[in-house]
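K.L.:
Pasted the sequence and its predicted model underneath.
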Amino acid sequence: MSDHTIHGIKAIIFDMDGTLVDSEINTERSVDILLSKRNIPHADLDYGVFYGVTWQKIESILKETYPQLIPESLAAELQHEFHVLFQSDQTEFIPGVHDFWRLAAQLGLRLAIGTSSNRESVEFLVDRMDVRSICEAIVSAEDYNKSKPDPDCYLHAAQKLNLPVENCLVFEDSIPGLKAARAAGMYAVAITHRSTDPIEAARIANLAVANYTRLPDKFLSEIRY
């Protein structure tokens, strides 16, 4: 954990996949479906490399791993498979996230989402969580060019909120996402619910917890000052 105490927070920016909703499993399933359709053996594939990155990056990784895929365009197909799974009843929220959002809003903290997922998926999630009235800003893949660990996503979110970066706290699950938050000059909390490297996540972040129910008592009250 970082030595810097989290303070002066006016807004919390949340990554989506793996941070609000346990959708990383659907990323794995999407890759599995794509490879299975092509009869490509992939029992030893490390799915963790697909967490927290864009579909274009996943396509690039797959083509490096399986050169026979090079002639194909994969990102749109992966995104379609993910979206079908995402809108199914199989998707689960990270424990404690609903109560955390509502308490944060009650305490006057501003809430936003910054993700590498597409706008359609984010809009669906916001409605499913029933937080549209308290979500002040959304930054999706369509809004920026450089993917995490570049800070573009979170800098864009701070701009939308019209807040200095030092007043923003990011919740993230992936290593690229945590690096993006820190590169943006923001505080970061790692959600290690499905982390591929919880030790590294804890090293980068100011605080690391399995999920929202594991946050310290009075966490939201104390980070504002």
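P.N.:
Nice, I can see it. Numbers count the residues shown, from 1 in each chain.

K.L.:
Residue 179 and residue 204: what is the separation?
P.N.:
Remark: distance between residue 179 and residue 204 (CB to CB, to the nearest Å) = 6 Å. All C-beta atoms are positioned from the backbone trio N, CA, C, and that covers glycine.

K.L.:
My error: substitute residue 102 in the last question.
P.N.:
Counting by CB to CB - residue 102 and residue 204 are separated by 28 Å.

K.L.:
More neighbours: which of the two?
P.N.:
Neighbours per residue (other CB atoms under 10 Å) separate residue 102 from residue 204, with residue 204 holding more: 20 against 14.

K.L.:
helices or strands up against the helix or strand bottoming out on mean pLDDT in the chain?
P.N.:
Every helix and strand in the chain was compared by mean pLDDT, DSSP states H and E; the lowest is helix 75-86, with a mean of 89. With contacts taken as 3 or more CB pairs under 8 Å, 6 or more residues apart in numbering; DSSP states H and E, helix 75-86 sits against helix 24-37, helix 55-65, helix 119-129.

K.L.:
Mind checking those for the one nearest to residue 82?
P.N.:
helix 24-37 (4.4 Å; CB to CB).

K.L.:
Output the contacting helices and strands for that closest one.
P.N.:
helix 55-65, helix 75-86.

K.L.:
can you list the residues that contact the last one?
P.N.:
The list of residues contacting helix 75-86 from outside it, by CB atoms under 8 Å, 6 or more residues apart in numbering, reads 23, 26-27, 29-31, 33-34, 54-56, 58-59, 91, 118, 120-121, 124.

K.L.:
The first one now?
P.N.:
Defining contact as CB under 8 Å, 6+ apart, one finds that helix 55-65 is touched by 27, 31, 34-35, 45, 49-50, 53, 69-70, 73-76, 78-79, 82, 147.

K.L.:
let's see it at 10 Å
P.N.:
Contacts of helix 55-65 with the rest of the structure, by CB atoms under 10 Å, 6 or more residues apart in numbering, involve 27, 30-31, 34-35, 40, 42, 45-46, 49-51, 53-54, 69-80, 82, 116-118, 141, 147-148, 176.
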